[in-house]
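Student: Sequence isn't available, so here's the structure alone:
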Ligand SMILES: Cc1ncc(COP(=O)(O)O)c(C=O)c1O
């Protein structure tokens, strides 16, 4: 098999080959000025348009990462540019000492998309949305129910409360002990979940599909059964839709496709389309769980972020992007499934939220080969590549990736020293 020379026109060779690139210079400054917690990112991006981004050395890439499932409308979408510019020209920030209509309108809009009565608290990120949910559940349930239940392999954020719920020991353990007692169960194992939800359990935090865990959908009926187990034990069900929500799976919220109404739903990522915003939505009685003075945020739900979020929701609705996410996602997964390569084990997920499952832990090599071929993808797990592109991805762009994928896998296989 001939391996296409996919790296030919790109500038990732680094210093010593062609001299220091603009990216190399930024990396050197970054190493000296920024904490090393993100490692050293491979690229410096300078601009984007739709699903395409450009790096500091002028290379372009089809962005199938979307800022980790954030850039729902792609880059520099006119609706967001317009909404944010207009808002900044008027009021950028007022704090929550005062009302502004955008925040109220966004809360009304989210409740109407959920088709539920409830109340919304706005934060600035996913982890803060989950912190609000934790406090809400604790406040409703009281000290007599000290235990939370969450899933192994689940991810709920990096602040201390959300981190305590995050079921990956390499991320969590270095920061133990936590103030929240969490009982972890294997994701998707209904018997284990039901057994864990006892009379001491305040709430259950679940993702409808593991995101950071590698786009692992819940087995059919799992979320419904979790709802029933919570009801039977008097525990609250919190669904973390920070990654799955706002159209990512082809539905506004993944729980709608599963036919489940949680007590609390948390959102962030795609909601702001790139502007920082998170939301904790208490449904029904849970909407009144936090009283006056019991929670807050200086920036949470600020006018600019709310204007962006309203533009995201309007555009998804106006441009039929839920249907488009389902349709283009199906093209992507069918194209991947049609490829026969020893590295390829299959594809998981729905809408524009997919994992390319690999037969060996070669995801890092696949990510590099894809980048050299002009595609940004994410090695979410050692054996899984995450695709979470903007919801505006079109079928032609999807096909350009699946057409390049055999060459990418061949290149990764060569780098791994396996037969291509
Ligand atoms: C399901 C889920 N919950 C929470 C978070 C944390 O969100 P943030 O990084 O905005 O704090 C993430 C981020 O990846 C996530 O995927």
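Tutor: Nice, thanks for sending it over. None of these values were measured; they are calculated from a predicted model. Residues are numbered from 1 along each chain as shown.
Student: Measure how buried the residue of the chain found nearest the ligand is and give me the count.
Tutor: The nearest approach of the chain to the ligand comes at residue 126, 2.2 Å away (Cβ to the nearest ligand atom). Any C-beta I mention is one placed from the backbone N, CA and C, and that applies to glycine too. Using other Cβ atoms under 10 Å, residue 126 has 30 neighbouring residues.
Student: Same question for the one 3 residues further on.
Tutor: The burial count assigned to residue 129 is 32, neighbours taken as other Cβ under 10 Å.
Student: same thing with residue 153?
Tutor: 19.
Student: Contacts only, for the residue lying closest to it once chain neighbours are set aside.
Tutor: Using Cβ to Cβ, 6 or more residues apart in numbering and skipping the chain neighbours, the partner closest in space to residue 153 is residue 213 (3.9 Å). Residue 213 is in contact with 153-155, 167-168, 187, 207, 381, counting by Cβ atoms under 8 Å, 6 or more residues apart in numbering.
Student: sorry, back to before: against residue 68, how distant is the residue of the chain closest to the ligand?
Tutor: According to Cβ to Cβ, to the nearest Å, residue 126 and residue 68 sit 10 Å apart.
Student: Overlap in contacts, the two.
Tutor: The overlap between the contact sets of residue 126 and residue 68 (Cβ under 8 Å, 6+ apart) consists of 243, 269.
Student: and residue 221, what does it touch?
Tutor: Taking Cβ under 8 Å, 6+ apart, one finds residue 190 in contact with residue 221.
Student: what residue lies at the spatial centre of this protein?
Tutor: residue 243 (3.0 Å; Cα atoms, centre = their mean).
Student: What pLDDT is listed against that one?
Tutor: We have a pLDDT of 98 for residue 243.
Student: residues from the stretch 1-150 of the chain in reach of the ligand?
Tutor: Residues of the stretch 1-150 of the chain lying near the ligand by Cβ under 6 Å from any ligand atom: 68, 125-127, 130.
Student: where are the low-confidence patches of this structure?
Tutor: 1-18, 418-420 (pLDDT under 70).
Student: same for the top helix by length along the chain, what does it pack against?
Tutor: In the chain, assigned by DSSP state H, the helix with the most residues is helix 395-415. The helices and strands touching helix 395-415, judged by 3 or more Cβ pairs under 8 Å, 6 or more residues apart in numbering; DSSP states H and E, are strand 60-63, helix 321-337, helix 363-372, strand 375-376.
Student: Counting neighbours, which bits of it end up buried?
Tutor: By neighbour count with 16 or more other Cβ atoms under 10 Å, helix 395-415 contains the buried residues 397-398, 401-402, 404-413.
Student: ditto for stretch 268-286
Tutor: When burial is assessed from 16+ other Cβ under 10 Å, stretch 268-286 yields the following buried residues: 268-283, 286.
Student: which among those are in contact with the ligand?
Tutor: Near the ligand, by the rule Cβ under 6 Å from any ligand atom, you find residue 268 out of the buried residues of stretch 268-286.
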